[in-house]
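Enquirer: Mind folding the following:
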Amino acid sequence: MMMLLQQTTSVPRLVVFSKSDFCFKPCSSSSTRLSFMDKHTNSSSSSSSLKQSLKQYQSPVLACQASTDTNDTSFRKDYLPVHGVSEVIVGVLGGGQLSRMLCQAASEIAIKVMVLDPLVNCPASSIAYDHMVGSFDDSATVQEFAKRCAVLTVDIEHVDVATMEKLEQQGVDCQPKASTIRIIQIDDLEGAKRAGDLFGYPLMLKSRRLAYDGRGNAVAKNEVELTSAVNALGGFARGLYVEKWTPFVKELAVIVGRGRDNSISCYPVVETIHKENICHIVKAPAHVPWKIRKLAIDVAHKAVSSLEGAGVLAVELFLTKDGQILLNEVAPRPHNSGHHTIESCYTSQFEQHLRAVLGLPLGDPSMKTPAAIMYNLLGEDEGEPGFQLAHQLIGRALNMQGAAVHWYVKQEMRKQRKMGHITIVGSSAGIVEAQLKSVLKEEGSETQTAEQISASCIRCSCPYVKMEINAPPSIVQSGSIFGFMLILNFLEIVTPCVGIIVGSDSDLPIMKDAARILNTFGVPHEVRIVSAHRTPEMMFSYALSARDRGIQIIIAGAGGAAHLPGMVASLTPLPVIGVPVRASALDGMDSLLSIAQMPRGVPVATVAINNATNAGLLAVRMLGVGDADLLARMSQYQEDTRDDVLKKAEKLQTNGWESYLNP
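Expert: So this is what the prediction gives:
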């Protein structure tokens with residue numbers, strides 16, 4: 001379908017033509033467009049109503065307008081029949097990797113995306129609906145491009161904002177609005193000095209244009225250095241702004257989707273790790289307390305609410321030592337910190353951006369996997385050697401479970417240039433981080449001593465990789481044996497999701513039944529001796545590291561005072577199932593009561609004395625809530641148990657009790 005916009009001083013309207021009605025060439029002159037009208041006005045009587053509707057308009061122009069009202073959540077349905085998700089064409093200023101991934105998301109729901117980029121072989125060119133070769137920083141080119149689409153958006157904020165403002169005045173539908181892309185600037189050295197007096201030094205100066213990936217940034221340590229910092233950025237003509245220098249402990253980010261109806265949907269908070277001012281690694285979700293996550297979401301929500309227009313925006317934040325969340329920057333487009341959403345979330349940031357700018361309902365931003373990590377493939381060398389290094393890394397990633405590779409097909413390799421990214425999803429932060437380290441084969445990651453590795457385990461970084469281990473005698477020192485046992489369990493990057501712990505090896509004959517049940521259902525697990533009384537440090541380390549290592553449920557067996565289940569439950573947010581083990585005195589009642597009588601706020605599930613079988617079955621049922629296959633196997637187990645009882649009943653009835661008891 002092609003759209004012809006007729007406009008006077010009244011509200012512009014879209015008139016729809018079918019491809020069969022005329023042959024369209026995008027760069028045709030206005031006289032050719034008039035001939036389209038002539039064809040329709042001279043057609044059969046079936047188009048007479050269309051002819052009448054066109055008479056009120058003058059100076060026909062092919063342009064990209066659906067509605068100038070940002071609260072209008074749909075395009076004119078009476079003039080634009082929709083035979084799918086959307087029939088309109090989305091125009092993107094810029095054809096880089098963001099546009100490429102936007103086109104990939106668009107292809108899944110048959111949305112047409114056109115890009116404007118000066119490079120013939122830009123990353124988006126091979127998969128875009130159309131590619132107009134030209135500069136997105138040239139006013140005339142942008143205006144011509146705007147005539148070919150129904151809504152205009154960006155994959156880079158370094159566009160001609162003045163032209164976008166002019167287009168908006170003409171009725172062009174720009175999302176987000178030009179006012180969002182334009183940034184407050186400092187105009188002269190005196191303004192910079194005033195900022196220094198207000199914020200103090202060091203002072204961060206940034207260029208409004210081309211300030212990304214570490215480019216366009218300069219630091220003035222004092223007032224004397226202001227002039228050199230401004231000159232390094234090309235002077236005030238480029239448009240500069242300043243930021244207060246802020247010490248922080250972590251950099252966080254929140255991807256936010258804003259609909260045309262001003263609805264706002266926030267993705268989970270992520271941690272971003274930078275290398276030479278370039279985003280290097282993104283961890284999702286951020287490993288910060290819940291109250292910090294909530295605060296970050298609140299700040300991001302307020303920041304985006306203060307802006308105009310629809311689309312996805314990235315809010316970059318600083319977390320300070322005293323728990324404050326400070327706003328750093330807002331990028332009015334999809335962002336590097338949201339690339340993981342393609343694999344880890346129900347709605348990727350790119351699909352969300354399309355939904356937002358088209359006025360479609362915003363999608364679910366929540367994560368569908370417990371953890372994800374994104375690694376930027378940056379150029380390690382110039383030219384062909386750089387490509388070879390990148391391809392070696394890609395080869396290792398393709399052999400890694402849960403890893404997805406994205407290559408941006410850029411024609412030129414340069415150092416520190418973003419060439420692609422790798423996302424790894426998994427059951428825990430510790431697991432995906434270990435897998436990434438295995439892919440990267442970081443120096444020393446496969447040659448660390450057992451002591452070094454066990455120490456890492458206790459710190460919860462968990463670099464589990466396949467390796468040979470020769471444990472020195474010192475490995476059995478206090479605390480080290482715990483890490484060593486963990487490594488033994490992870491030699492093949494096994495990911496146990498249930499941890500079985502006992503306070504003494506005397507409990508193993510009972511607790512083995514839980515392990516047998518888990519084996520029956522194919523649930524990976526680990527069995528450890530962790531005494532609450534004799535090795536409290538080990539218990540502490542185990543409880544704190546369990547979640548990061550991928551453990552989802554802990555089964556703790558203990559006799560006598562039975563402190564182990566309750567103490568572990570007080571240290572971890574994971575569910576704990578206590579198994580009271582019968583001791584030599586009190587027949588196990590002391591253990592049962594000790595586990596059952598946990599104080600409020602420290603819940604521990606409890607089974608019957610010595611009934612580790614039920615603890616294993618309960619763990620399987622809990623895991624089955626999120627695993628359809630495991631739940632089906634549990635149903636089969638119940639059917640098999642029922643059938644076994646029926647067979648026994650039939651045998652008893654047929655043979656009599658004497659024969660049954662004395663076969």
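Enquirer: Could you list the low-confidence segments of the chain?
Expert: The model of the chain has pLDDT under 70 over residues 1-81, 183-188, 207-216, 236-239, 241, 244, 442-494.
Enquirer: by contact count, what packs against the longest helix along it?
Expert: Longest helix in the chain by number of residues (criterion: DSSP state H): helix 628-661. When contacts are defined as 3 or more C-beta pairs under 8 Å, 6 or more residues apart in numbering; DSSP states H and E, helix 628-661 sits against helix 612-624. C-beta: built from backbone N, CA, C; applies to glycine.
Enquirer: export the helix it packs on as CSV, just CAs?
Expert: Provided in CSV are the C-alpha atoms of helix 612-624 (Å, rounded to 0.1, in the frame of the first residue of the first chain):
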residue,chain,number,x,y,z
ALA,A,612,14.2,-37.9,53.1
THR,A,613,12.3,-39.5,50.3
ASN,A,614,9.5,-37.0,50.8
ALA,A,615,12.0,-34.1,50.9
GLY,A,616,13.3,-35.2,47.5
LEU,A,617,9.7,-35.5,46.1
LEU,A,618,8.8,-32.1,47.5
ALA,A,619,11.8,-30.5,45.8
VAL,A,620,10.8,-32.1,42.5
ARG,A,621,7.3,-30.7,42.8
MET,A,622,8.6,-27.2,43.6
LEU,A,623,10.9,-27.3,40.6
GLY,A,624,8.0,-28.6,38.5
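Enquirer: buried stuff in it?
Expert: 612-620, 622-624 (16 or more other C-beta atoms under 10 Å).
Enquirer: Considering those residues, which is situated nearest to residue 495?
Expert: The closest of those to residue 495 turns out to be residue 623 (C-beta to C-beta; 12.9 Å).
Enquirer: which non-adjacent residue is nearest that closest one?
Expert: Nearest residue to residue 623, sequence neighbours excluded (C-beta to C-beta, 6 or more residues apart in numbering): residue 630, at 5.6 Å.
Enquirer: my guess is the one you found meets residue 524, correct?
Expert: No. Using C-beta atoms under 8 Å, residue 630 is not in contact with residue 524, being 11.8 Å away.
Enquirer: neighbour count winner among those two?
Expert: residue 630 (18 against 13; other C-beta atoms under 10 Å).
Enquirer: Relative to residue 552, how far out is the more buried one?
Expert: Separation of residue 630 from residue 552 (C-beta to C-beta, to the nearest Å): 12 Å.
Enquirer: repeat for residue 657
Expert: For residue 657, the distance to residue 552 - C-beta to C-beta - is 45 Å.
Enquirer: which other helices and strands contact whichever strand or helix holds residue 253?
Expert: Element membership of residue 253 [criterion: DSSP states H and E] is strand 250-258. Under the contact criterion of 3+ C-beta pairs under 8 Å, 6+ apart, strand 250-258 touches strand 264-266, strand 270-275, helix 290-305, strand 311-319, helix 349-358.
Enquirer: CA atoms only for the fourth one, dumped as PDB, please.
Expert: Read that as strand 311-319. Listed next in PDB are the C-alpha coordinates belonging to strand 311-319 (Å, rounded to 0.1, in the frame of the first residue of the first chain):
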ATOM      1  CA  GLY A 311       9.800   4.800  21.800                       C
ATOM      2  CA  VAL A 312      12.400   3.000  23.900                       C
ATOM      3  CA  LEU A 313      14.800   5.000  25.900                       C
ATOM      4  CA  ALA A 314      17.800   4.000  28.000                       C
ATOM      5  CA  VAL A 315      18.400   5.600  31.300                       C
ATOM      6  CA  GLU A 316      22.000   5.300  32.600                       C
ATOM      7  CA  LEU A 317      22.500   5.600  36.300                       C
ATOM      8  CA  PHE A 318      25.100   5.700  39.000                       C
ATOM      9  CA  LEU A 319      24.900   3.800  42.300                       C
END
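Enquirer: Adjacent strands (with direction) for it?
Expert: When pairing is defined by DSSP bridges, strand 311-319 lines up against strand 250-258 (antiparallel), strand 325-331 (antiparallel).
Enquirer: Chain neighbours aside, what residue packs nearest to residue 221?
Expert: The shortest distance from residue 221 to any non-neighbouring residue, by C-beta to C-beta, 6+ apart, is to residue 202 (4.8 Å).
Enquirer: More neighbours: which of residue 657 and residue 552?
Expert: Between residue 657 and residue 552, counting by other C-beta under 10 Å, residue 552 is the more crowded of the two (20 against 9).
Enquirer: Does the more buried one touch residue 497 like I think?
Expert: Yes. Taking contacts as C-beta under 8 Å, residue 552 lies within contact range of residue 497: 4.6 Å.
Enquirer: quick one: residue 116 is in a strand?
Expert: Yes. Assessed by DSSP: H, G, I helix; E, B strand; the rest coil, residue 116 belongs to a strand.
Enquirer: Please look at it and residue 140 and confirm they touch.
Expert: No. Counting by C-beta under 8 Å, residue 116 sits too far from residue 140 to count as a contact (11.9 Å).
Enquirer: So for those two, which residue has more residues nearby?
Expert: residue 116 (31 against 11).
Enquirer: Who are the contact partners of the more buried one?
Expert: Listed by C-beta atoms under 8 Å, 6 or more residues apart in numbering, the contact partners of residue 116 are 91-95, 131-132, 134, 136, 141-142, 145.
Enquirer: how far out from the middle of the chain is stretch 597-617?
Expert: 36 Å (C-alpha atoms, centre = their mean, to the nearest Å).
Enquirer: And residue 432, which helix or strand is it part of?
Expert: Using DSSP H and E, residue 432 maps to helix 429-440.
Enquirer: in that helix, what's buried?
Expert: 429-439.
Enquirer: tell me, what's touching residue 630 and residue 552 both at once?
Expert: Common neighbours of residue 630 and residue 552 (C-beta under 8 Å, 6+ apart) are residue 623.
Enquirer: Compute the number of surrounding residues for residue 573.
Expert: When neighbours are counted by other C-beta under 10 Å, residue 573 registers 8.
Enquirer: so how far is residue 579 from residue 613?
Expert: 10 Å.
Enquirer: shared neighbours, these two?
Expert: Contacts common to residue 613 and residue 579, judged by C-beta under 8 Å, 6+ apart, are residue 514.
Enquirer: before we move on, back to that, okay, the buried residues of helix 429-440 in a markdown table with distance to residue 157 next?
Expert: Rendered in a markdown table, the data for the buried residues of helix 429-440 read as follows (distance: C-beta to C-beta, whole Å):
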| residue | distance to residue 157 |
| --- | --- |
| 429 | 31 |
| 430 | 36 |
| 431 | 36 |
| 432 | 31 |
| 433 | 31 |
| 434 | 36 |
| 435 | 34 |
| 436 | 30 |
| 437 | 34 |
| 438 | 36 |
| 439 | 32 |
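Enquirer: Which of those residues sits closest to residue 338?
Expert: Relative to residue 338, and with distances defined as C-beta to C-beta, the nearest of the buried residues of helix 429-440 is residue 432, at 16.8 Å.
Enquirer: pretty sure the closest one is touching residue 438, no?
Expert: No. Residue 432 is beyond contact range of residue 438, at 10.6 Å (criterion: C-beta under 8 Å).
Enquirer: wait, residue 193 sits on residue 223?
Expert: Yes. Look at residue 193 against residue 223 with C-beta under 8 Å: they come within range, at 6.1 Å.
Enquirer: what's near enough to touch the spatially closest residue to residue 225 that is not a sequence neighbour?
Expert: The shortest distance from residue 225 to any non-neighbouring residue, by C-beta to C-beta, 6+ apart, is to residue 219 (7.9 Å). For residue 219, the contact set (C-beta under 8 Å, 6+ apart) comprises 202-205, 225, 229, 245.
Enquirer: Repeat the analysis, applying 7 Å as the threshold.
Expert: Contacts for residue 219 (C-beta atoms under 7 Å, 6 or more residues apart in numbering) come out as 202, 204, 229.
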